[in-house]
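1. Sequence and predicted structure are below.
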Amino acid sequence: MSVLSYLIPISLLLGGLGLAGFLYTVRSNQYDDPQGDARRILSDEWDERPKP
Amino acid sequence: MTTVARPQMAVCPGCIAAPDGQNVEAPANARLALSLPTIHCQACISTIERALNDHPEVETARVNLTLKRALIEAGPDLKAADLIPLLEDLGFEAHELDLSALTATDQDKAGRDLLMRLAVAGFASMNVMLLSVSVWSGASDATRDLFHWISAAITFPAILFSGQPFFRNAWQALRVKRLNMDVPIVLALVLALVTSLWETSLSGEHAYFDAALTLTFFLLAGRYLDHRTRAVARSAAEELAALEVPRALRLDDTGATAEVALGDLVVGDHLLVRPGGRMPVDGQVISGQSELDRSLLTGETLPVFVETGSSVSAGEVNLTGPLTVRVTAVGADSSLHQLTELVAIAESGRSRYTSLADQAAKLYAPGVHILSALAFLGWYLFTFDMRVALNIAAAVLIITCPCALGLAVPAVTTAASGRLFKKGMLIKHATALERLAEIDTVVFDKTGTLTNGTPQVDDFAALSAQGQQVAYALARGSDHPLSAAICKAAEAIGVVPAPVDDLREVPGFGTEAHLEGRQVRLGRAAWVGAEPAAQTAAYLDLGLGDVQAITFSDSLRPGAEAVVQDLIRSGKEIWLISGDAENVVRDMAARLGITKWVANALPQEKSERINTLVEQGHKVLMVGDGLNDTAALTAAHVAISPASALDAARVASDIVLLGRDLRPIAEACALSQQARRRIQENFRIATLYNIVAVPLAIAGLATPLVAALAMSTSSITVSLNALRLR
């Protein structure tokens, strides 16, 4: 059962990583315009060079 | 503007070139906001952003497709009016939004806060559930204790953080010595945590950490749904208000005009009100002649003639000539504000209503507490073992916990308001749907609600051919609504305008011209020398001695007949209460098949009439749009106003009708009854689960596994039942 001493911390860490990622997206306003963001990815305006 | 460094997400090779700049944050201190109702794709977004950013004064502009809005940060001199033509040239409809009326960011903060707590509770409950599954499937001794301790270490901080909304609400209720839904929730959480910790420290078998967390998670999910529905409705309602930017044209001593905000006006200022403009304040006309449309204030469709010395009040629409107005009252003294006070007196219709959730809580909260206390007492007297008794009391509380009850209402209202929003109805108030399900009487206002508020010529063909041609020619010289109606009627049958000379508009009276040496006139009765009729009419003088009257009636809104028929068919009593003249109201009632009507109603009479209906035990739905309806809207059980209504009327109503069509009202009534049925079903389902599980808990047979199963299945059935709504 000693494998538990690795697995439990690892699973908690991975889960925590997901939680931290989600909180980051919430804090940085990434859900303000879900429809717009879904559409913007289709625009080829800046495909050749990055937006200045 | 704040810019947060973002990691470059290079997951697929095609995305490496994806511009990082796409995620530039919305300008934090935007100065201008434009509503763009017609945008729908990425091409629109980039065209508009490019056009706006190319403007030399604009610093940054960002389009939000979800809200159909552009936020622009720009130099201090730039006005929205400079940008609107720019976008209109590109083929996009654009309207200025009043930024001070948009406070969505504050609500957003509350929503984000709830979402954060929901995420933490979700994360913690998943982890603890995994540990619990291994305990249920046979982990024992030291392993079980280890798992319980780890669960405790996750659960305590998670609940302390996520459960704060419940703790706060429960404390607020307890402080005024009342019980709400949150009190049993908090008690269950606290008791579950304390007994589980105690059990764990004694190497006990049963711990309810997972139950406490899933409970928090499900309840937060319910709260979040509830919040979202309301936030969406509120932001849409705010947008309607923000579209009316309150401005006035002030004249200075030299006669030059300057655009100023309403708040800057003082008594004695001189204002210019152009034809088509709405009176911003109360005042007195000091020069100019015109006609005023008072229908939003009084429901009267006949335009009123004004000249130097006449007094005007805020909300009236200037129809023909420019008017110079001296301000006599601003802010609290204006007639608009006095109507608001009338509304404050009428306030009571809604406050008497207890929501279904509160009704359930009133029955439920004391019941649970008594049950759990009895279980504790019984087991303590039976075994004299504090630990067993406490364990069983905790199990009873957790199993009866209102998880499904907490989801029962928000799941249904979210589904229903989503459906109604698609049909063009905006549910502003949380309990509006429940109340709408109860109504048995519908009161309609006439002008602007059942009708478009735009006149139509009754019988244009009754005029002679020459009459038609002259009327069309004269009507083309004016922007007056009656002239516009004549033009429309003439164009519809392909009339050629008569060749008239010297066409000119006499503001407040009509238009005149010369035809073959005779003077021809179209205008008010007194001006052309005719007897005024009771109906809305314009008078045509062909210069041949006799004067012909062209009568008008208001055109019905699309769906008006259908909605009245539908409501009558579903057994509701229909009233038509209007401030307009008797014969007009009678005709309208007859046309729609409404048997009960009241004409010439003053604002007070409207709300009194509704109060009388309420006293007779009716639940009244009021549909109205004008200022004169505001008090009545407030007094009614439920109030609906069209989007074209004045801001004050929209604020007083629970539901706003976004489109022109009235038919959604009948559909909403049917849907609300269905929603109410679903909510009651949900309560029954939740109760059924309790009836099965509570005896087990009291008998001491409930394990954490049973608690988890009962809770999850009841929550899921309740949510699925809500989704059956069509």
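-> Alright, I've got the coordinates.
2. Which helix or strand lies directly C-terminal to the longest helix along chain A?
-> Using DSSP state H, we find that the single longest helix of chain A is helix A:4-27. Counting by DSSP states H and E, the next helix or strand C-terminal to helix A:4-27 is helix A:34-40.
3. Check which residues of the worst-scoring helix or strand of chain A on mean pLDDT are buried.
-> Lowest on mean pLDDT, DSSP states H and E among the helices and strands of chain A sits helix A:34-40, with a mean of 85. Neighbour-count burial for helix A:34-40, counted by 16 or more other Cβ atoms under 10 Å in any protein chain shown, picks out A:Gly36, A:Asp37, A:Arg39, A:Arg40. For the C-beta atoms, the positions are set from N, CA and C on the backbone; glycine is no exception.
4. Give me the distance from stretch B:357-370 to the chain's centre.
-> 31 Å (Cα atoms, centre = their mean, to the nearest Å).
5. what residues does it touch?
-> Here stretch B:357-370 makes contact (Cβ atoms under 8 Å, 6 or more residues apart in numbering or on different chains) with B:179-181, B:183-184, B:187, B:354, B:396-397, B:400-402, B:405, B:408-409, B:683.
6. Need the residues that contact stretch B:64-78.
-> So stretch B:64-78 is contacted by A:32-36, A:39, B:1, B:26-27, B:29-37, B:39-40, B:44-45, B:48-49, B:52, B:55, B:57-63, B:83, B:94, B:97, B:235, B:239 (Cβ under 8 Å, 6+ apart).
7. brain fart, stretch B:155-171
-> Residues outside stretch B:155-171 that contact it (Cβ under 8 Å, 6+ apart): B:114, B:117-118, B:120-121, B:123-125, B:128, B:180, B:182-183, B:185-186, B:189, B:193, B:209, B:212-213, B:216-217, B:219-220, B:223.
8. pLDDT of stretch B:234-242, averaged?
-> Mean per-residue pLDDT for stretch B:234-242: 72.
9. Restrict it to CA atoms and write it as PDB.
-> Provided in PDB are the C-alpha atoms of stretch B:234-242 (Å, rounded to 0.1, in the frame of the first residue of the first chain):
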ATOM      1  CA  ARG B 234     -30.500  42.400 -15.800                       C
ATOM      2  CA  SER B 235     -27.800  43.200 -18.200                       C
ATOM      3  CA  ALA B 236     -30.200  43.100 -21.100                       C
ATOM      4  CA  ALA B 237     -32.600  45.400 -19.200                       C
ATOM      5  CA  GLU B 238     -29.800  47.700 -18.500                       C
ATOM      6  CA  GLU B 239     -28.800  47.800 -22.100                       C
ATOM      7  CA  LEU B 240     -32.400  48.900 -23.000                       C
ATOM      8  CA  ALA B 241     -32.000  51.800 -20.400                       C
ATOM      9  CA  ALA B 242     -28.500  52.700 -21.600                       C
END
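10. so what secondary structure elements neighbour the one helix or strand B:Leu503 maps to?
-> In this structure, B:Leu503 sits in strand B:501-506 according to DSSP H and E. Applying 3 or more Cβ pairs under 8 Å, 6 or more residues apart in numbering or on different chains; DSSP states H and E, one finds that strand B:501-506 contacts strand B:510-515.
11. which residues sit in contact with B:Ile698?
-> Residues in contact with B:Ile698 (Cβ under 8 Å, 6+ apart) are B:Leu371, B:Ala375, B:Gly378, B:Ile392, B:Val396.
12. mind checking how far the residue nearest the centre of chain A is from B:Gly111?
-> Nearest residue to the geometric centre of chain A (Cα atoms, centre = their mean): A:Gly21, 5.1 Å. Distance of A:Gly21 to B:Gly111, given as Cβ to Cβ, to the nearest Å: 19 Å.
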